[in-house]
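Peer 1: Give me coordinates for this.
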Amino acid sequence: MHQIPKAAGWAAVAIVASTICAGTATAEPDQATTPSTAAVVDSSQQQPGAAPTDPGQEYLNAFTSITGAFASDSTAGRVVGTTIGVLVGCPLGAVTGGALTLPTAVLTPVGIVGGCIIGASTLGFLGGTVGSIVTGSPAMSNALGQQYNSLHSKGLIAQEVPNPDSAQ
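Peer 2: Below is the predicted model of the structure:
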């Protein structure tokens, strides 16, 4: 039942690992550096209270925030979806499984119990998955936008490169 947040976490780890291995894109400052401001912007002179940021840790924090937002808001949908799936799947599986077990005897006890278990587990899983996606997606998209803006403001995500063919 908790496979989606776990899978999202592993996907985030894979993305972070590939980003760290490939190197990070650094954004250029939005304003042009003039000779009079070059001494102020010089990266070799750091402010005493400013600690250098670790890009890998910043990406990990961003992915943790995104998956945490999804996991927090998807719980209610997962519970409701699983409950509805079990309530619909058990009777549906009992009738279907009971009717398909033996061609001569319809609705055998073994078929009813087995069909109920299979139907409840299948539709419970699917209902929980759909419910968690429905309730977790808005929070995840909001967190995704916030973390993108945060990483962009720190210079860890470069601006989009304009396509020269789009001007035509």
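
Peer 1: drop to CA atoms for contacts and neighbour counts, all remaining ones
Peer 2: Noted.

Peer 1: secondary structure class for residue 157?
Peer 2: The three-state assignment at residue 157 reads coil, by DSSP: H, G, I helix; E, B strand; the rest coil.

Peer 1: Any regions of the protein where pLDDT drops low?
Peer 2: For the chain, the stretches with pLDDT under 70 are 1-52, 98-106, 161, 167-168.

Peer 1: how about 50 then?
Peer 2: 1, 21-51 (pLDDT under 50).

Peer 1: tell me which residues in stretch 129-138 are buried?
Peer 2: Within stretch 129-138, the residues that count as buried by 16 or more other C-alpha atoms under 10 Å are 129, 130, 131, 132, 133, 135, 136, 137.

Peer 1: Tell me how far the first one lies from residue 74.
Peer 2: Counting by C-alpha to C-alpha, to the nearest Å, the gap between residue 129 and residue 74 amounts to 9 Å.

Peer 1: Over to the last one?
Peer 2: Taking C-alpha to C-alpha as the criterion, residue 137 is separated from residue 74 by 8 Å.

Peer 1: Residue 138 too?
Peer 2: Taking C-alpha to C-alpha, one finds residue 138 at 10 Å from residue 74.

Peer 1: next one: residue 157
Peer 2: Taking C-alpha to C-alpha, one finds residue 157 at 28 Å from residue 74.

Peer 1: cool, and residue 160?
Peer 2: Taken as C-alpha to C-alpha, the span from residue 160 to residue 74 is 32 Å.

Peer 1: Settle it for me: which of these two has more neighbours?
Peer 2: Higher neighbour count among residue 160 and residue 74: residue 74, with 26 against 7, using other C-alpha atoms under 10 Å.
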